[in-house]
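# Here's a sequence, model it:
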Amino acid sequence: MRREVVIGLVLAASMFRAASGVRGEDCVALADLANDPVGAFPAEWRVRKDEGKAVYSVREEDGRRVLHAASKGLGVQAALQHEWDLDAYPILAWSWRPVVFPRGADERRSSNNDSVLAVYLLVPYSRIRGPKAVKYIWSERVPTGTPLSSNHGLTHVVVLRTGTDKKGQWVDERVDARTDYKRLFGESETPKPAGIALLTDSDDTQSSAEGDYANFRVCRQ
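Predicted structure coming up:
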């Protein structure tokens, strides 16, 4: 995306849902799509632009619900407001599957900065400039571990996966979001996340991108 703008709705603290009252569990689910109709945009998620609702839709596969993303020349995030204790639950986990990689994308270049899959940890920062974010991406060609940033340093990018060899396959991820946030932003205090966001985009390359997301949860160490 030419100028990455993370959804400001996650800063509305009055709408947060706390992951409390669940002590003793190793993981806590962040997203529940069970009550959303198949084919619909999930009710608890938000988009910055209404056109984004056409990108993300609920699907059912092998008895479980997944969030399918299909972008054609668009770059619109979907965000889920959810506050939790990052010290108690520092691990962010999910499953994702790349289906169609945006043609010619390279996240190192602003002119074609698109990703087939991206997951954000969002932390409140400014109502004007938006939240701080750690963005985990699956890139077609940028090497894993390449340091990237955007949005004037408010978004730090972690290249979690690279390549097309697992195209069409589900991959499970677990990241230490607390450690990543502190390392990338140079902060010692543990923040309170505002939620998560997703982005499957193809606006810079003016192509198509498609992928799936499922099983979002936060876990103990």
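
# And the residue nearest the centre of the chain?
In the chain, the residue lying closest to the centroid (Cα atoms, centre = their mean) is Val119, at 2.0 Å.

# give me the beta-bridge partners of the nearest residue to that one once chain neighbours are set aside?
Once flanking residues are discounted, Val119 sits nearest to Tyr136: 4.8 Å by Cβ to Cβ, 6 or more residues apart in numbering. For glycine as for every other residue, the C-beta is placed from the backbone atoms N, C-alpha and C. Under the criterion DSSP bridges, Tyr136 forms beta bridges with Val119, Val158.

# List the residues that contact Tyr136.
118-121, 157-158, 160, 173, 175 (Cβ atoms under 8 Å, 6 or more residues apart in numbering).

# and it, how far is that from Glu107?
12 Å (Cβ to Cβ, to the nearest Å).

# For the two, list the residues in contact with both.
What both Tyr136 and Glu107 touch, as defined by Cβ under 8 Å, 6+ apart, is the set Val157.

# Name the nearest residue to Val171, sequence neighbours excluded.
In space, Val171 comes closest to Trp96 once its chain neighbours are excluded; the distance is 6.2 Å by Cβ to Cβ, 6+ apart.

# Count residues in the vicinity of that neighbour, would you?
Around Trp96 there are 29 other residues, counting by other Cβ atoms under 10 Å.

# and Arg127, how many neighbours?
There are 10 residues near Arg127, going by other Cβ under 10 Å.

# same question, Gly63
Around Gly63 there are 5 residues (other Cβ under 10 Å).

# low-scoring pLDDT stretches of this structure, where are they?
Residue ranges of the chain with pLDDT under 70: 1-25.

# Longest strand in it, please.
Of all the segments of type strand in the chain, defined by DSSP state E, the longest one is strand 208-219.

# and that one, which strands flank it?
In the sheet, strand 208-219 lines up with strand 27-29 (antiparallel), strand 64-72 (antiparallel), strand 91-100 (antiparallel) (DSSP bridges).

# any chance of those in TSV, plus distance to Asn151?
Converted to TSV, the strands paired with strand 208-219 look like this (distance: least, Cβ to Cβ, whole Å):
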stretch	distance to Asn151
strand 27-29	28
strand 64-72	19
strand 91-100	20
